[in-house]
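Chemist: Fold the stuff below for me.
(chains A and B)
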Amino acid sequence: MKKAVFALSVLALSATATVAADDPIAVRKALMQANAGAAGVSAAMLKGEMDYNPAVAKAALATFYGVASAFGDYFPEGSDAGDTRAAPAIWEDMDGFQAAVGEFRSDAMAGVQAAGENGPADREAFQAAVGPVLENCRSCHEDYQLKRN
Amino acid sequence: MKAALAAGALVVAGGLVFWLASAPGTLPAEALAGLEDGDAARGERVFWAGGCASCHAAEDAEGEARLRLGGGLRLETPFGDFVAPNISPHADGIGGWSDEAFANAMLRGVSPDGRHYYPSFPYTSYARMRPQDVVDLHAFMQTLPAVEGETDGHALGFPYAFRRGIGLWKRLNMHPGPVVALGDGDEAVARGRYLVEGPGHCGECHTPRDGFGGLDLANWLAGAAAAEGDGVVPNITPSEDGLAGWSAADIAYYLESGFTPSFDTVGGAMVAVQENMAELPAEDRQAIAAYLKAIPGRPDGHRPAP
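Modeler: Okay, here's the model as predicted:
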């Protein structure tokens, strides 16, 4: 339950992210928080900690798609310095980074399409739709995010 | 003259003591007596718990390639570079080894020709494994693809290139008993202790080491400087510096999916470990989580004491 509340609050956060548009680091962090929230509700439903709800599942997929569509715009030259774990590899290989974001976006788009009008019918359908989207988190972090430790 | 003779005798005596104290000790003959024949199906579970593929498969191997144990991973440490050898069932690997030879490597760190292995092969942890699990693991490994080719040797400086010296190190650092004393009451915690302290060899990265590379067991799992590079390996005891904020379900889910409670993702050396853990039955991941919540919480082990 705690996770669901957390998730809803970050969904709201993502809507207000544009307010700080002059601070790309803050915006991209808020976008990733929206992702984390969507991943949180997704996992809670897949694990059965939260009842499965097709509308919430659809909202999660739509959140991933929205984040993926905007995220690549918030890495201007010079925004590698500051309170950020964005790796220098992003600016050394901007094409590779944007391609990785593009892959995330197309996987999320496929998930949204699979969700259809009313969201994935059941937990299995949601697993199939969201699984490939979540795979992107790790592969992109491994290449483009500095380690926490 | 007499003094020189006496000194000479002392050196010889000292050398003899060293030679005896550092002699490789193999398992007693009856160690494997009374065991069932190795069972490959059970052995597969031991294989993933033991994380053999992390070092003995090619670096960044995915999927089926993690079962090709041709070796090659290079571990760059302050003591020199170690290369994980071929342990596939090929003549260039460990094809043809008996169960006894395999068990001596795993439980004693001794090779078939009676030499010490370097502890970069984490047998200080594997020594806590049950002999039946070792024999089952061996049976499973014999079903894996035979890979041709020998790997490069290790590149070590003096005195580490001298294997006999490892015998003394082992006397100080082989502790095959349980690390954390816990009541026998909880079955999941007991299973978790076995997996973490034995095959899972979690302490080899998460516990700080002394200047000679021995584990500081008083700071068990409290976090450590990374063996390679200049990062740190996090504290995974249930303290504020460690996993206090993670529920047991959070830990089990991390081991299954690689997602932290804040939905960050696993990174670095832990990626390969997590991929192995994902192959285990859910009850094993829950057991590991139960153990990590049951052990004493400690402040960070990689920070100098205040």
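Chemist: Now do the contacts for B:Lys106.
Modeler: Actually, residue B:106 is Met rather than Lys. B:Tyr123, B:Tyr126, B:Ala127, B:Met129, B:Val134, B:Leu137 (CB atoms under 8 Å, 6 or more residues apart in numbering or on different chains). C-beta: built from backbone N, CA, C; applies to glycine.
Chemist: Please give the element, helix or strand, for it.
Modeler: helix B:99-108 (DSSP states H and E).
Chemist: what comes up buried for that helix?
Modeler: Buried positions in helix B:99-108, judged by neighbour count with 16 or more other CB atoms under 10 Å in any protein chain shown: B:Asp99, B:Ala101, B:Phe102, B:Ala103, B:Asn104, B:Ala105, B:Met106, B:Leu107, B:Arg108.
Chemist: on that earlier part again, let's have the contacts of B:Met106 in CSV, adding pLDDT.
Modeler: Converted to CSV, those look like this (pLDDT from 0 to 100):
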residue, pLDDT
B:Tyr123, 97
B:Tyr126, 98
B:Ala127, 97
B:Met129, 98
B:Val134, 98
B:Leu137, 98
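Chemist: Kindly identify which of these also come near chain A.
Modeler: With the criterion set as CB under 8 Å from any CB of the partner chain, no member of these is near chain A.
Chemist: now, which of the residues you listed lie within helices?
Modeler: Judged by DSSP state H, the contacts of B:Met106 include B:Tyr123, B:Tyr126, B:Val134, B:Leu137 as members of helices.
Chemist: If I look at A:Ser139, what pLDDT would I see?
Modeler: Model confidence at A:Ser139, given as pLDDT, is 90.
Chemist: Which residues are in contact with residue 144?
Modeler: No chain was given, so I picked chain A. Taking CB under 8 Å, 6+ apart as the test, what A:Tyr144 contacts is A:Ala86, A:Ala87, A:Ala89, A:Ile90, A:Phe97, A:Ala100.
Chemist: The chain in question should be chain B.
Modeler: If a contact means CB under 8 Å, 6+ apart, then B:Leu144 has B:Leu67, B:Arg68, B:Leu69, B:Ser88, B:Pro89 as its contacts.
Chemist: Out of the residues you listed, which is nearest to B:Leu255?
Modeler: Closest to B:Leu255 out of these is B:Leu67 (20.4 Å), distances taken as CB to CB.
Chemist: Give me the nearest residue to that closest one, chain neighbours excluded.
Modeler: B:Leu144 (5.0 Å; CB to CB, 6 or more residues apart in numbering or on different chains).
Chemist: With A:Thr63 instead?
Modeler: In space, and not counting its chain neighbours, A:Thr63 is closest to A:Ala38: 4.0 Å by CB to CB, 6+ apart.
Chemist: circling back: name the nearest of the contacts of B:Met106 relative to B:Glu256.
Modeler: Using CB to CB, those come closest to B:Glu256 at B:Leu137, 22.2 Å.
Chemist: and the closest one, how many neighbours?
Modeler: Using other CB atoms under 10 Å in any protein chain shown, B:Leu137 has 28 neighbouring residues.
Chemist: How about B:Asp186?
Modeler: By other CB under 10 Å, the residues close to B:Asp186 number 15.
Chemist: What separation is there between it and chain A?
Modeler: 23 Å (CB to the nearest CB, to the nearest Å).
Chemist: Might one say that A:Ala87 is in contact with A:Leu146?
Modeler: Yes. With contacts counted by CB atoms under 8 Å, A:Ala87 reaches A:Leu146, the gap being 5.0 Å.
Chemist: And these two? Which one has more around it.
Modeler: Neighbour count, other CB under 10 Å: between A:Ala87 and A:Leu146, A:Ala87 has more, with 18 against 13.
Chemist: What residues does the stretch 151-300 of chain B have near chain A?
Modeler: B:226, B:231-234, B:249, B:253, B:257-259, B:262-268, B:271.
Chemist: Quick check: the residue of chain A nearest chain B.
Modeler: A:Ala36 (3.7 Å; CB to the nearest CB).
Chemist: can you give me the strands in chain B?
Modeler: B:74-77, B:80-83, B:155-156, B:224-225, B:232-233 (DSSP state E).
Chemist: Among the residues of the stretch 151-300 of chain B next to chain A, name the buried ones.
Modeler: Applying 16+ other CB under 10 Å to these flags B:231-234, B:253, B:257-259, B:263-268, B:271 as buried.
Chemist: so how many other residues sit close to the closest residue to B:Asp210 other than its chain neighbours?
Modeler: Excluding the flanking residues, the one nearest B:Asp210 by CB to CB, 6+ apart is B:Asp216, at 5.8 Å. Using other CB under 10 Å, B:Asp216 has 14 other residues around it.
Chemist: Skipping its backbone neighbours, what lies nearest residue 79 in space?
Modeler: Defaulting to chain A. A:Pro24 (4.6 Å).
Chemist: not what I meant, chain B
Modeler: Nearest to B:Phe79 is B:Tyr160, by CB to CB, 6+ apart, at 4.8 Å.
Chemist: give the contact list for the residue nearest to the spatial centre of chain B.
Modeler: Among the residues of chain B, the one closest to the centroid is B:Pro122, at 2.7 Å (CA atoms, centre = their mean). Contact analysis of B:Pro122 by CB under 8 Å, 6+ apart lists B:His201, B:Glu204.
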